[in-house]
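Visitor: dropping the sequence and predicted coords here.
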2 protein chains.
Amino acid sequence: MDIRTQKTFEALFALEDIRETLRQTLPNITNSEEEHSIKEGVNRVRKILDDIEKGTGIPEVRKIAGTIDIRSREETHINIQPIQAAGRLTPEARKALIAYGDGYSTCDACRKPFRLDKITSPPIAPFHEQLASFVNMDVARVVPGARRGFQAVASTLVNKGDSVVVSSLAHYTEFLAVEEAGGIVREVPLDEHKLVTADATAEKIEEIKQETGKLPVLVMIDHFDYQYANEHDVKGIAKVAHQYDIPFLYNGAYTVGVRPVDGKDIGADFVVGSGHKSMASPAPSGVLATTEEWAPRVFRTTQMTGDLTKRKFGVKEVEMLGCTLMGSTLIGMMASFPAVRERVNNWEDELKKSNYLINGLLAIDGSRVVSEYPRKHTLSKINTSGNFDIIAQEHKRRGFFLSDELSRKGIVGEFAGATRVWKLNTYGLSWEKVRYVVDTFHDIADKYKLQINKENNSNGNK
Amino acid sequence: MDIRTQKTFEALFALEDIRETLRQTLPNITNSEEEHSIKEGVNRVRKILDDIEKGTGIPEVRKIAGTIDIRSREETHINIQPIQAAGRLTPEARKALIAYGDGYSTCDACRKPFRLDKITSPPIAPFHEQLASFVNMDVARVVPGARRGFQAVASTLVNKGDSVVVSSLAHYTEFLAVEEAGGIVREVPLDEHKLVTADATAEKIEEIKQETGKLPVLVMIDHFDYQYANEHDVKGIAKVAHQYDIPFLYNGAYTVGVRPVDGKDIGADFVVGSGHKSMASPAPSGVLATTEEWAPRVFRTTQMTGDLTKRKFGVKEVEMLGCTLMGSTLIGMMASFPAVRERVNNWEDELKKSNYLINGLLAIDGSRVVSEYPRKHTLSKINTSGNFDIIAQEHKRRGFFLSDELSRKGIVGEFAGATRVWKLNTYGLSWEKVRYVVDTFHDIADKYKLQINKENNSNGNK
C-alpha cells in the first residue's frame, strides 16, 4: 500500500478512536481522562496529516481487530475485477457507513406500523418510491442481495415440481432459488451468437407443456448474463411469456444501477437488481420491484395467527420476513442512489470505454473476444490463448506472469493465473485509467514480442 | 449534536474525500490537480481538528447525500433503546466498515470452490469455525439476520401443513419463517410467571399429536423472549423435544453475543443468533449453527442440474443461496468478534447494572417491573402507570413529557410518548452511565413530586 493511502486509513481509524471516547462520555460531560484522550487523538491525527501531505511515514496500523488486513485495492490499484466494478461505493455511501454502522441505526424513528419501508427519518419510505420509479415499476422493496429477490418470487409462485424457465446462461442463484422452492429449472438454449431469443423461449415453453402437461410458472431471464454479458432480448421474451400468461422476472443484476432499466417497457412482472453488484452499495443489498398486479402476492402480508394468543403481525410481509435491510447496508444504498440514478445516463460513454479497452486487447495479435462484439456491456470475456497463454507456457511463473506484469503496473482484478479465457470490467474507470490499462497491456505484449496491430482493431468476433 | 461530535464526523468525511481523490489517481501517479485537492483536504481536516480540540466551530456538513442526517445518537446520548444496545459497533467494526465498504470487498481472494465460508483472506473460513465453537456447535454459517436462519431451518424441515411449536412469546419472524414454509405455528402457553416450561411444551406436543395425528416437525423457542426478556427453560424444552424425536431450534437473538451460549449443553440442534441485535455487528447479520447430524440437511448443497447444459453448482448451499453475507457486513461482524467473544464473560456485571437500574426505577413509588425479577437480562419491561403516567395525564405534553425530560438530560431510546408500559436495555452502558440514568429518573420524579423510597428497592414483582 502506498504511504498516503496507508496514512489516510490511519487517520480515519484514529478519528474512530476519538469518536469512541465521545461515545463513552456522559452527555455533555467529559472528565479529564477523556479530555486527555481526545487531545492525544487529535495530535495523532495531526501527525498523520503531515505524513499524508508529504507522503512520508511508516505504516503503524497493519490490521483491523488483529487479523484483518486493511483493504486498499481501490486506492492503490486500477481494479478490472469482473463483478466488483459497479459495486464500488461512492464517497457518500462511505460516509453513510461511518454514520449508520450500528446495527439498528435505521430504526431510531420507527413508529407504527413498524416496517422498514415505512420509516421516514432517515428517508427510507421515499427511497422505496424512488427505487420503484427508477426501474419504472409500481412497488419496490430492498432485499439482502438479488438472490433474495429471486427467492421471494420463486417461493411465492413455484410449487413442488413446477417448471421455471431460465437461460442456459442463468446465474447459479436462480437455480438455487428455484430448487429451494421445490421447482425445476428448464433452460432455454442459446443461438449461435450465444443469445437467448424470444423464439427459443417459446419453443422451450411448448416443450415443457408437452412433456409435463403443465406450463412453467415463471420465466426468469438475465438481461445481460454473468458469463459473457451478452444482451438478451428480454422484451421479446417477456412478450412470449405473457402470451402464455406466465409472469416474467427480469434479472437486472448487471443492469439496474449502471444503465437505464424500464421495467414497464420491457414488460417485466418482477425486476430484480443487485446493490453490491451494480448500485454502488454495501453487501448484501438488492432490490425487488413489481407491478400493482403482482405486489399483493409477492409482498403479501402475514395471515398466520397464534393458535393460543391469537397474535397476528398484520403488516409484516411474509417473503420479506418483515424488515429486510437495516442499518448501514440500506443507508449506504440510499446515499449512493442520487449518484447511481445519474450515472445510468453515462452508459453510452461507459460502452465507449469498454469497447476502447476490448479493441486495445484485440489489437494484440491472437486475442479474441468471447462476448458479443462490439460490446454492449462493460463486463467482457476475452480469450488470450493465442498470445499471453503462449508466453505463459514457457514462463517460469506460468499464467501468473501476466498477473505479475499487471500488478507491477498497479492493475489488479484479472483472475490470477488465467491467461486463456478470462473476464474484466471497465465500469466506472476514467478514460485516463482505461487508456492506462490498454497501454499497459500493449507494453506487456511488446516486452514479450507479441505483435500489435494498432491500426486494425476490428478483428473481433472470430 | 455537540460541536465536537459534529466536527469528528466532518473530519471523517473530509478524509473520505481525500480517499476518493486517491481512488481516482493512476497507480503511483498524481497530477497537480489531485495534489492540490489532497493538500486542500488535509488543510480542511487540520482546521476541523482545531475545532475538535477546542470545542469550537459551526456545523458545516448537515446531511449525507443531501437527504440523510448524520446519526449521532450514540455519541451525544445515553441510549436505552431496547433492541439497539448490543448491536452498537465496536471501534474495530467501524474501522472494518471503512476499509471493506465496497460491495464485493470480501471476494478479492475468492478461489475454488468459490464459496464465502471457504475464503481465507480475509480470514472468513477460520471465523466460521470460531463462530461454531463460540456457541459450542459443529458447523456455522453467517446469514443476513436471525430471521434468515429461521427461514433456512423452516424451509428445510417444514412441509405444507406441518406444525411447528413456538412460544406464546415467539418473535414475529418465527411466525413468518413458518408461514413462508407452509407450516402452522402452535404456541406453548406461559405459566403464571410468563415462562415457557418443558412440561407445557410436552403437553402442547401431545395436544398437536392428538389433534392432527402428526407430531410437530420443529420446536423453536427463544431463550430470552423479546417482550419481557424472561429466561425460558430451553434445556428442559430441548430434552422434551428430543423425547419426541423433534429437532430443537434455540433462538439466541437475545443471547448469542451478550452471554455465554453452549448449544451442546442446551441440546440444541440449531442455534440462531443475531449480529445486529447482539453481536455488535452491522445489519443485516446473524448466525445459524448446527450439529454434524443436521448440517447435511440444512446446509445441503444444490442437486439441481440444468436440463440442457447439465450445469450443476456443486458446493453451493441451497438454503444459503450460495454466499450469504459479503462485504462490510461480514467483515464488521468479524472485526467485533474478538470483543464479543470476550464480553460474554461480563454478563454477571451486565446483570448487576440491569438490576441496579430496575431497582432505581422501582424505588419510585408506583413503578412495577413487568419482566421477571430480579432481572436475568439487560432488556426489561417496566410499568410506570402508577407514577409517570399519572403525571402525563395532566401534563400539556402528555406522555412526551417524560421523553422531553430524559432527552434534556441526554437520555434517549425509551419509546417516545410511552409512560405506561415500556422497555429499556442497559447492555454495554458503563456503571457511570447507569448511575446517571437512575439519578436522572429520580430527578424527574423529584421534580414532579413523586415519592422515592431510596432504602426500599425490593417492591419488585407486584
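Guide: Thanks, I have it.

Visitor: what pLDDT does the most centrally placed residue in chain A get?
Guide: In chain A, the residue lying closest to the centroid (C-alpha atoms, centre = their mean) is A:Lys277, at 0.2 Å. Predicted confidence (pLDDT) for A:Lys277: 98.

Visitor: now do A:Ala416
Guide: 89.

Visitor: burial count for the closest residue to it other than its chain neighbours?
Guide: Excluding the flanking residues, the one nearest A:Ala416 by C-beta to C-beta, 6 or more residues apart in numbering or on different chains is A:Ser403, at 4.6 Å. (Each C-beta comes from the backbone N, C-alpha and C, glycine too.) Residues contacting A:Ser403 under the criterion other C-beta atoms under 10 Å in any protein chain shown number 19.

Visitor: hang on, A:Ser403 in a helix?
Guide: Yes. Using DSSP: H, G, I helix; E, B strand; the rest coil, the secondary structure at A:Ser403 is a helix.

Visitor: what residues does the residue of the stretch 351-462 of chain A found nearest chain B make contact with?
Guide: Nearest residue of the stretch 351-462 of chain A to chain B, counting by C-beta to the nearest C-beta: A:Gly410, 2.3 Å away. Shown in contact with A:Gly410 (C-beta atoms under 8 Å, 6 or more residues apart in numbering or on different chains): A:Thr76, A:His77, A:Ile78, B:Leu26, B:Pro27, B:Asn28.

Visitor: what does A:Thr301 give?
Guide: A:Gly314, A:Val315, A:Lys316, A:Glu317, A:Val318.

Visitor: ends of stretch A:316-323, what's the gap?
Guide: 8 Å (C-alpha to C-alpha, to the nearest Å).

Visitor: now it, how far from the centre of its chain.
Guide: With C-alpha atoms, centre = their mean, to the nearest Å as the basis, stretch A:316-323 stands 23 Å off its chain's centre.

Visitor: ok, back up a step: so which of the contacts of A:Gly410 sit within strands?
Guide: A:Ile78 (DSSP state E).

Visitor: tell me the most packed of the contacts of A:Gly410, by neighbour count.
Guide: Scoring the contacts of A:Gly410 on neighbours with other C-beta under 10 Å, the highest-scoring entry is A:Ile78 at 24 neighbours.

Visitor: A:Arg23 versus that residue, what's the distance?
Guide: 37 Å (C-beta to C-beta, to the nearest Å).

Visitor: ditto for A:Gly413
Guide: 37 Å.

Visitor: and these two? Which one has more around it.
Guide: Ranked by neighbour count (other C-beta under 10 Å), A:Gly413 and A:Arg23 place A:Gly413 first, with 22 against 18.

Visitor: run through the residues that contact that one.
Guide: A:Arg73, A:His77, A:Ile78, A:Asn79, A:Ile80, A:Gln81, A:Pro82, A:Gln84, A:Leu424, A:Asn425.

Visitor: among the residues you listed, which are in reach of chain B?
Guide: When those are checked against chain B using C-beta under 8 Å from any C-beta of the partner chain, the ones in range are A:Arg73, A:His77, A:Ile78, A:Gln81, A:Gln84.

Visitor: got the confidence number for A:Val412?
Guide: 97.

Visitor: list, one by one, the residues from the stretch 351-462 of chain A near chain B.
Guide: Residues of the stretch 351-462 of chain A that fall close to chain B, judged by C-beta under 8 Å from any C-beta: A:Lys409, A:Gly410, A:Ile411, A:Ser430, A:Glu432, A:Lys433, A:Tyr436.

Visitor: now with 6 Å?
Guide: A:Gly410, A:Tyr436 (C-beta under 6 Å from any C-beta of the partner chain).

Visitor: with the stretch 201-350 of chain A instead?
Guide: Listed as neighbours of chain B in the stretch 201-350 of chain A under the rule C-beta under 6 Å from any C-beta: A:276, A:282-284, A:302, A:304, A:306-309, A:313, A:316, A:318, A:321-322, A:326-329, A:335, A:338.

Visitor: still on that earlier bit, which of the contacts of A:Thr301 are buried? Put it as a PyMOL command.
Guide: Those of the contacts of A:Thr301 that count as buried under 16 or more other C-beta atoms under 10 Å in any protein chain shown are selected in PyMOL with:
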select buried, chain A and resi 316+317+318
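
Visitor: rank the contacts of A:Thr301 by pLDDT and give me only the lowest.
Guide: Within those, lowest confidence goes to A:Gly314 (90).

Visitor: from B:Val164, how far out is the residue nearest to that residue when sequence neighbours are not counted?
Guide: Of all residues not flanking A:Gly314 in the chain, A:Thr301 sits nearest, at 6.4 Å (C-beta to C-beta, 6+ apart). Plainly put, A:Thr301 is 20 Å away from B:Val164 if you go by C-beta to C-beta.

Visitor: now swap in A:Ala152 and tell me
Guide: Counting by C-beta to C-beta, the gap from A:Ala152 to B:Val164 is 21 Å.

Visitor: any stretches of the stretch 351-462 of chain A with poor pLDDT?
Guide: A:455-462 (pLDDT under 70).

Visitor: what residue in the stretch 251-400 of chain A comes nearest to chain B?
Guide: For the stretch 251-400 of chain A, C-beta to the nearest C-beta, closest residue to chain B: A:His276, 2.9 Å.

Visitor: give me the element that residue is part of.
Guide: Take DSSP states H and E as the rule and A:His276 turns out to sit in helix A:275-278.

Visitor: contact partners of that helix?
Guide: A:86-87, A:253, A:256-258, A:281, A:283, A:285-286, A:333, B:103, B:327 (C-beta atoms under 6 Å, 6 or more residues apart in numbering or on different chains).

Visitor: likewise for stretch A:64-83?
Guide: So stretch A:64-83 is contacted by A:1-2, A:5, A:9, A:379, A:410-413, A:423-425, A:433, B:22-23, B:92, B:95-96, B:99-100, B:104-105, B:122-123, B:335, B:338 (C-beta under 6 Å, 6+ apart).

Visitor: mark which of those residues are buried, thanks.
Guide: A:1-2, A:5, A:9, A:379, A:410-413, A:423-425, A:433, B:22-23, B:92, B:95-96, B:99-100, B:104-105, B:122, B:335.

Visitor: in chain A, where is pLDDT below threshold?
Guide: Judged by pLDDT under 70, the stretches of chain A that qualify are A:455-462.

Visitor: stretch A:179-190 spans what distance, first to last residue?
Guide: 22 Å.

Visitor: could you pull out the buried residues of it?
Guide: A:Glu179, A:Glu180, A:Ala181, A:Gly183, A:Ile184, A:Val185, A:Arg186, A:Glu187, A:Val188, A:Leu190.

Visitor: same check, this time on stretch A:402-409
Guide: Buried, per 16+ other C-beta under 10 Å, within stretch A:402-409: A:Leu402, A:Ser403, A:Glu405, A:Leu406, A:Ser407, A:Lys409.

Visitor: CSV for the residues you listed, including distance to A:Pro216?
Guide: Shown next, in CSV, are the buried residues of stretch A:402-409 (distance: C-beta to C-beta, whole Å):
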residue, distance to A:Pro216
A:Leu402, 43
A:Ser403, 43
A:Glu405, 48
A:Leu406, 44
A:Ser407, 46
A:Lys409, 49
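
Visitor: which of the residues you listed lies closest to B:Arg343?
Guide: A:Ser407 (40.0 Å; C-beta to C-beta).

Visitor: what helix or strand is that closest one located in?
Guide: helix A:400-408.

Visitor: got the contact list for that helix?
Guide: A:Phe388, A:Ala392, A:His395, A:Arg397, A:Ala416, A:Gly417, A:Thr419, A:Ile444.

Visitor: repeat that for 8 Å
Guide: Residues from elsewhere that reach helix A:400-408 (C-beta under 8 Å, 6+ apart): A:77, A:388, A:391-392, A:395, A:397, A:412, A:414, A:416-419, A:440, A:444, A:447.
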